[in-house]
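**Q** Take this sequence and fold it.
(chains A and B)
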2 protein chains.
Amino acid sequence: MKAYIESNKERFFEELFSILRIPSISARPEHKDDMVRCAKRLCQLLLEAGADKADLYPTAGNPVVYGEKIIDPSLKTVLVYGHYDVQPPEPLEKWNSDPFEPEIHDGAIWGRGANDDKGQLFMHIKAFEFLTRTSALKHNVKFIFEGEEEIGSPSLPEWVREHREMLAADVVLVSDTTMISDKVPSINCGMRGLSYLEVCVKGPNKDLHSGHYGGAVANPINVLCEMIASLIDADGRVTVPGFYDKVVELSADDRAQLARAPFDLEEYKEFLDVKDLRGEKGYTTLERTGIRPCLDVCGIWGGYTGQGAKTVLPSEAHAKISMRLVPDQKSSEITRLFAEHFKSIAPDCVKVEVTPCEGGDGFLIPISSDAYKAASMAMGEVYGIEPVPSRGGGSIAVLAEFQKILGIDPLLMGFGLERDTIHSPNESYLLSQFFRGMEAIALFYRYY
Amino acid sequence: MKAYIESNKERFFEELFSILRIPSISARPEHKDDMVRCAKRLCQLLLEAGADKADLYPTAGNPVVYGEKIIDPSLKTVLVYGHYDVQPPEPLEKWNSDPFEPEIHDGAIWGRGANDDKGQLFMHIKAFEFLTRTSALKHNVKFIFEGEEEIGSPSLPEWVREHREMLAADVVLVSDTTMISDKVPSINCGMRGLSYLEVCVKGPNKDLHSGHYGGAVANPINVLCEMIASLIDADGRVTVPGFYDKVVELSADDRAQLARAPFDLEEYKEFLDVKDLRGEKGYTTLERTGIRPCLDVCGIWGGYTGQGAKTVLPSEAHAKISMRLVPDQKSSEITRLFAEHFKSIAPDCVKVEVTPCEGGDGFLIPISSDAYKAASMAMGEVYGIEPVPSRGGGSIAVLAEFQKILGIDPLLMGFGLERDTIHSPNESYLLSQFFRGMEAIALFYRYY
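**A** Residues are numbered from 1 along each chain as shown, chains lettered A, B, ... in the order given. Predicted structure coming up:
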């Protein structure tokens, strides 16, 4: 694969850039056409790479791209999952280049989606192309690329249920996560679930003069702040009643296993430029992001946010709240518990609205499977060191659904690094990871 | 004056509209030219009304308009104060008409500044015009209109100090406040001071993926909410150490006097459409806005505030915080105490920045003065009922400075009503108040 990459590198970049340039932002309805454009381009790339067929499938939301090459029904089948939608690029002023005009410099590809997930799914198309062109393919391969991962995959489960037979496979292969570092390869054996809601606190029916009313009328921003502050206690635990009821507590042994992953606290703090960390009492930093749930405000707004001083007691305040969940917390149940709790703690001086936005369950993957072993061998060969099993803090909502609907475990061969700052300005993807990822994927097929 | 208004009404509207159309928003540097344009137009109006002279005076900020008519140095001198700058019009989507294209309907003038303070200062120009044209003027009159009231009058005190002799007068006459209702005229005998700051809580040096870091890295929005929540205790008292040290506690007698003002709690709640009110324990609603200080968040922002769900752990969160002060709290001292306290409560996991924006001291006005008596007679005659002395919750920072620098007490003949929703969308000014105000001002000169 190495030589193949070397002689086709420029074409690979051109093809990848052609999808990175499309602003396929699923959170924004005005990008509907971009979603379709991106999906069509992926079909084209699959066909060019050797797929027997590749099509757009309509859903209630953005279309699903499905392609396949069936060489022999008796052979093992790999179902490759990826997503072609990306996060909104905001705040735009923090980007050093146009998020949708990719660039290569400093040993990396820069742009929205360079890693998450266009860059990573592209590696699978090229590894597949290499195997077909060199007649080395000895598996059936199916590709499913969705356009709603960043908004919680609202349409995919239904579509998967409807196409259960077409999607039958032995493993769901996914590159949409990070590894510990490029010196310490790792394979995710679990991810967190998500429950994401928007809340609105309403006070008086109009914005008021803060002099005439301040002190006598409850200020929705102050009330929202109090309510948010009360959601996490002094031990860093979420106060929503029932929140921890289903959380699987790991054994001392399991925790010791996870603690084997190399982690440098000082380096971590330095990377983030923070003096101190904060989280749930009694757990390490890696445990806090891997095996424990949490609650974060992803956005807040209300009142006057322009330049200068406007003395207003606003009529409304808003926040977007995300909870990361662990097995066996059910996203739908946590969303319900949160909504009930948030309404119950609202004082009489305000009205509260809670709108669920997105959700998905967390999951665990057994490390004893053939697929895990093949991935471990492949990555070990490329990186010269056996990968560590790890736990990802992020969420790919739909993978738990694959487990439930198709009965297939996912395998997470992720080649992202924390330095890629996905979801943030200046997303990038290291060229070395891009190339090694393709090699490792090709080797996975050899060992699986 | 009544007949004069009747026969000149259309011209009055045209002249007023010519200043309402100018977006003289002092909080926005891009409106510098509009400030000058508005100030020039006011000079013109003063000269046309009969002033001997009227000029723009440069300051470090927006120009001051000063005009005068000195008929006899041995007579009493009235110094009329007003401001030609306005609050930003946002949120624009809540206006029923263009904020800078005034309209008359439903018995009122609609537009930004219709009341605060262009509408109210205009009444003084017209009452003066009436007196000069009917040869009824028996006072020297000086006008000072500033362009920075809504941002805390940063330049005016310096300018007043420099022009102390020119500004010598017996009373500062101001119409920039409200009365209790158009059935219950009142004269403000005190206003609150203001301390306005912007705070920023900084966490990690970049926006982070809330899945990868959530639970382990302090979220600046959550921290800001906790810090804000901690600023007010369960009794509705501000927790900044030293905040209440200088607050003058009113005697039971004084409180009884203020309690005479008619006030209907149910009507008040209905007007605001709130089920419950909230404020400092042990005080009534009118006391909470009149004689007690308070703290309000006027604006808050951070993270993703667009449509849909973006899972981000943001690097920063911001808020604008206003404190209304009462005698003898000094604005500069409260600003310092707040900044010290806010920094002291910041946990080690974040950095905090505090930027003072605006401030001014509160003040009290004796009701035994000749000016108060003249105003009381004038308003009593126009409204057919003796006005009630009241306390205004808002702030006109510079009036305390007039007291200090010039040794002149202000007199607050305000004709606004709460229904005018100044500082908010759809600001308006009742025509009946506009006309009665002019009458009352003209009568004030007769009785003073």
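
**Q** ends of stretch A:19-32, how far apart?
**A** Using Cα to Cα, to the nearest Å, one end of stretch A:19-32 lies 15 Å from the other.

**Q** actually stretch A:325-332, sorry about that
**A** End residues of stretch A:325-332 are separated by 11 Å (Cα to Cα).

**Q** touching chain B at all, that stretch?
**A** No - applying Cβ under 8 Å from any Cβ of the partner chain, one finds stretch A:325-332 separated from chain B by no less than 9.9 Å. Bear in mind the C-beta positions are built from the backbone N, C-alpha and C, glycine included.

**Q** List the buried residues for that stretch?
**A** Within stretch A:325-332, the residues that count as buried by 16 or more other Cβ atoms under 10 Å in any protein chain shown are A:Leu325, A:Val326, A:Pro327, A:Gln329, A:Lys330, A:Ser331.

**Q** Enumerate the residues of the stretch 301-448 of chain A near chain B.
**A** So the stretch 301-448 of chain A meets chain B at A:301-314, A:317-320, A:322, A:324, A:347-350, A:357-358, A:392-395, A:418, A:421-425 (Cβ under 8 Å from any Cβ).

**Q** Show the buried residues in these.
**A** Buried residues within those, counting neighbours by 16+ other Cβ under 10 Å: A:301-305, A:308-314, A:317-320, A:322, A:324, A:349-350, A:357-358, A:392-395, A:418, A:421-425.

**Q** mind listing which of the residues you listed are in helices?
**A** Of these, none are assigned to helices by DSSP state H.

**Q** Mind jotting down where the helices sit in chain A?
**A** Using DSSP H, the helices found in chain A span residues A:2-20, A:32-49, A:118-133, A:156-162, A:210-213, A:220-229, A:252-258, A:265-272, A:285-290, A:331-344, A:370-383, A:397-406, A:431-447.

**Q** deepest of the ones you listed, which one?
**A** helix A:210-213 (a mean of 28; mean count of other Cβ atoms under 10 Å in any protein chain shown).

**Q** And chain B, is it touching that?
**A** Yes - Helix A:210-213 reaches chain B (Cβ under 8 Å from any Cβ) through A:Ser210, A:Gly211, A:His212, A:Tyr213.

**Q** Which of those sits closest to chain B?
**A** Closest to chain B out of the residues of helix A:210-213 next to chain B is A:Gly211 (3.0 Å), distances taken as Cβ to the nearest Cβ.

**Q** State the distance from that closest one to B:Gly393.
**A** 5 Å (Cβ to Cβ, to the nearest Å).

**Q** what do the two both touch?
**A** B:Arg192, B:Thr289, B:Arg324 (Cβ atoms under 8 Å, 6 or more residues apart in numbering or on different chains).

**Q** what is the last one paired to in the beta sheet?
**A** B:Arg324 has these beta-bridge partners by DSSP bridges: B:Leu194, B:Cys294.

**Q** hmm, back to that, now go through the buried ones among the residues of the stretch 301-448 of chain A next to chain B and say which are in strands.
**A** Counted as lying in strands by DSSP state E, out of those, are A:301-303, A:312-313, A:317-320, A:322, A:324, A:357-358, A:392.

**Q** What is the lowest-pLDDT residue among those?
**A** pLDDT across those is lowest for A:Gly392, at 78.

**Q** Distance across stretch A:302-319, terminal residue to terminal residue?
**A** Termini of stretch A:302-319 sit 9 Å apart (Cα to Cα).

**Q** Now the residue of chain A most remote from its centre: closest residue in space, sequence neighbours ignored.
**A** Distance to the chain centre peaks in chain A at A:His212, reaching 46.8 Å (criterion: Cα atoms, centre = their mean). Closest residue to A:His212 apart from its sequence neighbours, by Cβ to Cβ, 6 or more residues apart in numbering or on different chains: B:Gly393 at 4.8 Å.

**Q** who wins for proximity to B:Trp95 among the helices of chain A?
**A** helix A:210-213 (19.4 Å; Cβ to Cβ).

**Q** By proximity to chain B, which residue of the stretch 1-150 of chain A wins?
**A** Residue of the stretch 1-150 of chain A nearest chain B, by Cβ to the nearest Cβ: A:Ala27 (3.0 Å).

**Q** And that residue, how close does it get to B:Ala39?
**A** 46 Å.

**Q** now stretch A:121-130, how far from the centre of its chain.
**A** Its chain's C-alpha centre and that of stretch A:121-130 lie 20 Å apart, by Cα atoms, centre = their mean, to the nearest Å.

**Q** nope, stretch A:250-257 is what I was after
**A** Computed by Cα atoms, centre = their mean, the separation of stretch A:250-257 from the middle of its chain amounts to 25 Å.

**Q** Over to stretch A:183-196?
**A** The answer for stretch A:183-196 is 9 Å, by Cα atoms, centre = their mean.

**Q** in that stretch, what counts as buried?
**A** For stretch A:183-196, by 16+ other Cβ under 10 Å, it's A:Pro185, A:Ser186, A:Ile187, A:Asn188, A:Cys189, A:Gly190, A:Met191, A:Arg192, A:Gly193, A:Leu194, A:Ser195, A:Tyr196.

**Q** Using CSV, write out every CA atom in stretch A:179-190.
**A** C-alpha atoms of stretch A:179-190 as CSV (Å, rounded to 0.1, in the frame of the first residue of the first chain):
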residue,chain,number,x,y,z
MET,A,179,-5.8,7.3,19.1
ILE,A,180,-3.9,8.2,22.2
SER,A,181,-0.9,9.7,20.3
ASP,A,182,1.0,8.9,17.1
LYS,A,183,3.5,7.2,19.3
VAL,A,184,0.9,5.2,21.3
PRO,A,185,-1.7,3.7,18.9
SER,A,186,-4.9,2.6,20.5
ILE,A,187,-8.2,1.0,19.6
ASN,A,188,-11.4,2.4,21.1
CYS,A,189,-13.3,-0.4,22.9
GLY,A,190,-16.2,1.9,24.0
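
**Q** circling back: these two touch, right, the residue nearest to A:His212 and A:Gly214?
**A** Yes - with contact defined as Cβ atoms under 8 Å, B:Gly393 and A:Gly214 form a contacting pair (6.6 Å).
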